[in-house]
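Novice: Model the structure of this input:
(one chain, ligands or ions: 2)
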Amino acid sequence: MLGIESSCDETSAAVVSSRGDEATLDSLVILSQDVHAVFGGVVPEIASRAHLASVAPVVKRALADAACALDGIDAIGVTNGPGLVGALLVGVSFAKALAASLDVPVIGVNHLEGHLFATVLEDRAAAPPFTALLVSGGHTMLLDVPGWGEYRLLGATRDDAAGEAFDKTAKLMGLPYPGGRHSVTRAASGDPSRFRFSRPMLNAGQRPGDADYYDVSFSGLKTAVLHAVRDAEKHGTLDGDRAHIARAFQDALIETLAAKTVRAAAAHGRARIVLGGGVACNAALTGAVRALATRELGAEAAVFAPTVRLATDNAAMIARAALFHLGRGERSGPSLNAFSSMPLA
Ligand code: KG4
Ligand code: ZN
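Specialist: Ligands and ions are numbered 1, 2, ... in the order given. Sure, this is the predicted structure:
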């Protein structure tokens, strides 16, 4: 299975092969578009043009790395939403054309479902049933997953996605774009007792069925960071306080996500929790979910998270999800289109 991903600012291709239940990652190429850094955010038109320039060489390289000739491709899986439509269209058009020329099926994959399939490529035990926490730059969702292809949305963010909150607060703190990982590095040396921000939408009185039981919200936390930064600027202490503010932000965000995730696993009787998306490679987040899951669910609780390469946007997870759909006899055909929004559940 050749996988292609072009939903945002990464052009990626991967080859995944399967034998029975076992899927092996044969190659993965990820080309990140640095060009957006000078604009402080992804510029859609530039992203589309950059995908256009790199999709063919990236696919070629992935095939070469896997020692797979063109006639060794049995099917092509491609992200067709959600994402930037112009960017998605490059991958979708390329995949459809290549599939037609090779006379193999093309399978459209939901990018969010792809993130759920990332970890199982590294650890076979990361398979349903599980509770899923999907935390990326564009999405924050809590799902119950009784089986592959069955996704029940339990809760979501009411405003910013977790990764977006990392990036925006990093910008407020004056850190360079893309800010998430700079903020995480600062937080590591921050003193957790210097600042404390309230845990958004988290209180002991919440009950299953309450509208906010599984939902999260990060806009208030963002405002708390803004006030802390302004205050520090006023007193000329921002350089010294930056790490402490980053730490307080990360602690509040992580405690909220961990609590809601373990809450969902307990309510649905799931011993396994799978994290996915760019924020899922945050070691403090996985550590917190693991500790709380062990405490609340018992020693048999297992928490799975992808390594950095498979956590952020990549084509390996898309190829893996496409394999699942191919196995069920699903095909997309020449009318496959790209969609900016595409609900998973
Ligand atoms: O999944 P992803 O690559 O793209 C989307 O589909 O959105 O996620 C990117 C997001 C960015 O917001 C980035 O700041 C965040 O993941 N991110 C992190 C870390 N590494 C990347 N957030 C927190 N901790 C990290 N270690
Ligand atoms: Zn993503």
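Novice: isn't there a helix covering residue 244?
Specialist: Yes: when DSSP: H, G, I helix; E, B strand; the rest coil is applied, residue 244 is found to be in a helix.
Novice: which one is it nearest to, not counting chain neighbours?
Specialist: With sequence-adjacent residues excluded and distances taken as CB to CB, 6 or more residues apart in numbering, residue 244 is closest to residue 194, at 3.8 Å. Every C-beta, even on glycine, is put in place using the N, C-alpha and C of the backbone.
Novice: For the one you found, give me its contacts.
Specialist: Remark: with contacts taken as CB atoms under 8 Å, 6 or more residues apart in numbering, residue 194 is in contact with 241, 244, 247, 248.
Novice: what's the closest of those residues to ligand 2?
Specialist: Here the nearest of those to ligand 2, counting by CB to the ion, is residue 247; it sits at 25.5 Å.
Novice: Whichever residue of the stretch 1-150 of the chain sits closest to ligand 2 and ligand 1: what is the separation?
Specialist: The minimum distance from the stretch 1-150 of the chain to ligand 2, using CB to the ion, falls at residue 136 (4.2 Å). Relative to ligand 1, residue 136 is positioned 3 Å away (criterion: CB to the nearest ligand atom, to the nearest Å).
Novice: so that residue sits right up against residue 275, yeah?
Specialist: No: taking contact to mean CB atoms under 8 Å, the distance of 10.6 Å between residue 136 and residue 275 leaves them out of contact.
Novice: Give me the nearest residue to the residue most central in space within the chain, chain neighbours excluded.
Specialist: Among the residues of the chain, the smallest C-alpha distance to the mean C-alpha position (CA atoms, centre = their mean) belongs to residue 277, namely 1.5 Å. For residue 277, the nearest residue in space outside its immediate sequence neighbours is residue 136; the separation is 3.3 Å by CB to CB, 6+ apart.
Novice: Need the per-residue pLDDT for the one you found.
Specialist: With respect to pLDDT, residue 136 scores 95.
Novice: Next, the contact list for it, please.
Specialist: Contact analysis of residue 136 by CB under 8 Å, 6+ apart lists 115, 161, 162, 163, 276, 277, 278, 279, 313.
Novice: Quick check: residue 253 touching residue 218?
Specialist: Yes: taking contacts as CB under 8 Å, residue 253 lies within contact range of residue 218: 6.6 Å.
Novice: quick one on the thing from earlier: distance-wise, check the residue nearest to residue 277 relative to residue 272.
Specialist: Distance check for residue 136 against residue 272: by CB to CB, to the nearest Å, it reads 20 Å.
Novice: what does residue 141 give?
Specialist: 17 Å.
Novice: same question, residue 162
Specialist: Using CB to CB, residue 162 is found at 21 Å from residue 272.
Novice: Okay then, goodbye and thanks.
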